[in-house]
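A.B. asks: would you be able to build a 3D model of this:
(one chain, ligands or ions: 1)
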Amino acid sequence: MTKIQTLFSQIPATHRLLCNAAFQPLLEEFGHTRVVAVLRTLQEEARAQINDEGQLPGWCDDWCHKVHDTLLTQQCSTLRPVFNLTGTVLHTNLGRALLAEEAIKAVSEVMSSAITLEYSLDAAGRGHRDQTVAALLCEITGAEAACVVNNNAAAVLLMLAACAEGKDVVVSRGELVEIGGAFRIPDVMRQAGCQLIEVGTTNRTHLTDYRHAIDNNTALLMKVHTSNYHIEGFTHAVNEAELVALANEADIPVVTDLGSGSLVDLTQWGLPQEPMPQQLIADGVSLISFSGDKLLGGPQAGIIVGKKKYIERIQQHPLKRALRADKMTLAALEATLRLYQHPETLIKRLPTLRLLTRTAEEILAQATRLQPLFTQRFGAQFTVSVDHCLSQIGSGSLPVDRLPSTALTFQPKDGRGATLASLSQTLRELKYPVLGRIADERLWLDLRCLEHEALLLETIAL
Ligand SMILES: *Cc1c(COP(=O)(O)O)cnc(C)c1O
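C.D. replies: Take a look at the predicted model:
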């Protein structure tokens, strides 16, 4: 036998390995099909290495261990819990709002049992799935009616399709928004089968611009909240109340895509002001849409509140069926909205508000506690300091406002060969990956969103 042949003969046959006692627990846990599939791949890998390098891979000493490792890696979800220390509280790529305990409990209940989703117990007939949530939304916002779909993008599409298909929708040129992820107002218009009529200019739009655009084919006047940018300087925009007065003369509705919206006045906690759906309802806007997982602090959902006449039209549109929310979303949203019925405890129980209202002092104390422990782990290569920083709310809410916060920062020590890229990789490869951001030649870990301090310490110590 040549050397190569000897090496090939050392790759064990599948049936031999499978009889091996060590493999029995694997077969039990992962099933015959997957174990065999992984084995075949590994055998091929071993053959390739013999051909390429003239030797067996090191792991061939313990096939069972290698198969187990590979199976575990394969089944590790790519949806991993991480520490969001990026400084952006509502981070779209990290799943936006964290749910309140009450919402998590409600979701867990509806997952494991049959529920009265579209069934009313007293009449033993069919109820509407949005009913309970809609009643809460009406109570909180003062709207006549409400409905819920998958996300706010869906809500906007549905409002347009139900109220303006084949007709014109008038929007200011200053509000032709693009939200990340290919949501652009002109494209959504086209998808909904509406004709976009742009009025005004990027920086200034007047009531007369809207007035001149209205004709027999106008179905809606639309306002879009410029949630992720800010136009400053020589500017003018028409507010909802003025627009409603004009729309009433022409007997057409005003619709607002509010983006985030807040159901409570954030300024009471010293936070920047964000428009509230309540106010727009009071201004007479016919339909307002906003997200469930932005400032509201609930599950991903698109919420539409407004006049009964238009909400009914939306409920009956075929797209509503395609975009409707599922029972888990409705349960989480209902539980979240109930927290708003008790505003005094809201900032304790709603994680989004709890994080946004953490004070700079509180975060500073936390950073001071953690700094020595991070120095212990990373101090050889990096100077670890406690630094003032600014958090952002994120998800297109209040784009220019920042919240004072504190970060741990890491600066490479000269000549030690350590780089910020290697540090952020090390942090990403921890059991619970730690995500920060790199700016000004440092890595910043903004501690605003750090609630599980003990878990972070445990993760760093590993
Ligand atoms: C965020 C946002 C959307 C999209 O909402 P999703 O819930 O992410 O679908 C649409 N319009 C505006 C103005 C927004 O801010």
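A.B. asks: check whichever residue of the chain sits closest to the ligand and give its pLDDT.
C.D. replies: Residue of the chain nearest the ligand, by CB to the nearest ligand atom: Gly259 (2.4 Å). Where you see a C-beta, it was placed from the backbone N, CA and C, and this is true even at glycine. Looking at Gly259, its pLDDT is 94.
A.B. asks: give me the element the nearest residue to it once chain neighbours are set aside is part of.
C.D. replies: Leaving aside its sequence neighbours, Gly259 sits nearest to Ser227 (CB to CB, 6 or more residues apart in numbering; 3.6 Å). Per DSSP states H and E: Ser227 is located in neither a helix nor a strand.
A.B. asks: re the thing from before, show me what the residue of the chain closest to the ligand is bridged to.
C.D. replies: Phe290 (DSSP bridges).
A.B. asks: contacting residues around it?
C.D. replies: Contact partners of Gly259, counting by CB atoms under 8 Å, 6 or more residues apart in numbering, are 152, 179, 224-225, 227, 290-291, 294, 396-397.
A.B. asks: so which of those sit within helices?
C.D. replies: Mapping these onto helices (DSSP state H) picks out Asn152.
A.B. asks: so which bits of this structure are right by the ligand?
C.D. replies: By CB under 6 Å from any ligand atom, the residues of the chain that approach the ligand are 151-153, 156, 177, 179, 183, 224-225, 227, 257, 259-260, 291, 302, 396.
A.B. asks: can you give me the helices in the stretch 101-250 of the chain?
C.D. replies: 101-112, 131-141, 152-164, 185-191, 207-213, 240-250 (DSSP state H, counting those that start in this stretch).
A.B. asks: so which of those is the most packed in?
C.D. replies: Neighbour counts (mean count of other CB atoms under 10 Å) averaged over each of the helices of the stretch 101-250 of the chain peak at helix 152-164, with a mean of 25.
A.B. asks: now for that helix, which elements pack on it?
C.D. replies: On a contact count with 3 or more CB pairs under 8 Å, 6 or more residues apart in numbering; DSSP states H and E, helix 152-164 meets helix 185-191, strand 218-224, strand 254-259, strand 287-291, strand 302-306, helix 308-316, helix 318-323.
A.B. asks: what angle do that helix and strand 287-291 make?
C.D. replies: Angle between the axes of helix 152-164 and strand 287-291 is 160 degrees (criterion: axes from the mean of the first three to the mean of the last three CA atoms, to 10 degrees).
A.B. asks: where does pLDDT dip in the stretch 251-400 of the chain?
C.D. replies: 396-399 (pLDDT under 70).
A.B. asks: please enumerate the strands of the stretch 351-462 of the chain.
C.D. replies: Using DSSP state E, counting those that start in this stretch, the strands of the stretch 351-462 of the chain run over residues 382-391, 403-412, 434-435, 437-439, 442-446.
A.B. asks: neighbouring strands - and their directions - for the fourth one?
C.D. replies: Yep, that's strand 437-439 we're talking about. Each strand paired with strand 437-439, and its direction, by DSSP bridges: strand 442-446 (antiparallel).
A.B. asks: and the strand it pairs with, how far from the chain's centre?
C.D. replies: In terms of CA atoms, centre = their mean, to the nearest Å, the centre of strand 442-446 is set 22 Å apart from its chain centre.
A.B. asks: can you check stretch 147-159 too?
C.D. replies: Distance of stretch 147-159 from its chain centroid, counting by CA atoms, centre = their mean, is 16 Å.
A.B. asks: how about the CA coordinates for it, as PDB?
C.D. replies: Only the C-alpha atoms of stretch 147-159 are listed here, as PDB (Å, rounded to 0.1, in the frame of the first residue of the first chain):
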ATOM      1  CA  CYS A 147     -56.700  48.300  12.600                       C
ATOM      2  CA  VAL A 148     -53.500  46.300  12.800                       C
ATOM      3  CA  VAL A 149     -51.200  44.800  10.100                       C
ATOM      4  CA  ASN A 150     -47.700  43.400   9.800                       C
ATOM      5  CA  ASN A 151     -45.700  46.600   9.900                       C
ATOM      6  CA  ASN A 152     -46.000  50.200   9.100                       C
ATOM      7  CA  ALA A 153     -44.800  49.800   5.500                       C
ATOM      8  CA  ALA A 154     -47.800  47.500   5.000                       C
ATOM      9  CA  ALA A 155     -50.100  50.000   6.800                       C
ATOM     10  CA  VAL A 156     -49.000  52.700   4.300                       C
ATOM     11  CA  LEU A 157     -49.500  50.400   1.300                       C
ATOM     12  CA  LEU A 158     -52.900  49.400   2.600                       C
ATOM     13  CA  MET A 159     -54.100  53.000   3.300                       C
END
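A.B. asks: mind listing what Leu287 touches?
C.D. replies: 159, 163, 253, 255-256, 304-307, 310-311, 314.
A.B. asks: gap between the closest residue to it other than its chain neighbours and Lys320?
C.D. replies: Distances taken as CB to CB, 6+ apart put Gly306 closest to Leu287, at 3.8 Å, once the chain neighbours are dropped. Going from Gly306 to Lys320 by CB to CB, to the nearest Å gives 14 Å.
A.B. asks: out of those two, which sits in the busier spot?
C.D. replies: Set side by side, Gly306 and Lys320 show more neighbours around Gly306, with 27 against 20, by other CB atoms under 10 Å.
A.B. asks: list the contacts of that one.
C.D. replies: With CB under 8 Å, 6+ apart, Gly306 has these contacts: 143-146, 281, 285-288.
A.B. asks: please apply the same query to Asp215.
C.D. replies: By CB under 8 Å, 6+ apart, the residues touching Asp215 are Asp168.
A.B. asks: per-residue pLDDT, it?
C.D. replies: 96.
A.B. asks: can you redo the strands of the stretch 351-462 of the chain as CSV with mean neighbour count?
C.D. replies: Formatted as CSV, the strands of the stretch 351-462 of the chain follow (neighbours: other CB atoms under 10 Å):
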stretch, mean neighbour count
strand 382-391, 18
strand 403-412, 22
strand 434-435, 19
strand 437-439, 14
strand 442-446, 23
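A.B. asks: need those strands in JSON lines (columns: distance to Asn217).
C.D. replies: Below are the strands of the stretch 351-462 of the chain laid out as JSON lines (distance: least, CB to CB, whole Å):
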{"stretch": "strand 382-391", "distance to Asn217": "46"}
{"stretch": "strand 403-412", "distance to Asn217": "45"}
{"stretch": "strand 434-435", "distance to Asn217": "49"}
{"stretch": "strand 437-439", "distance to Asn217": "48"}
{"stretch": "strand 442-446", "distance to Asn217": "50"}
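A.B. asks: of those, which is nearest Val110?
C.D. replies: Between Val110 and the strands of the stretch 351-462 of the chain, the tightest spacing by CB to CB is seen for strand 434-435, at 31.2 Å.
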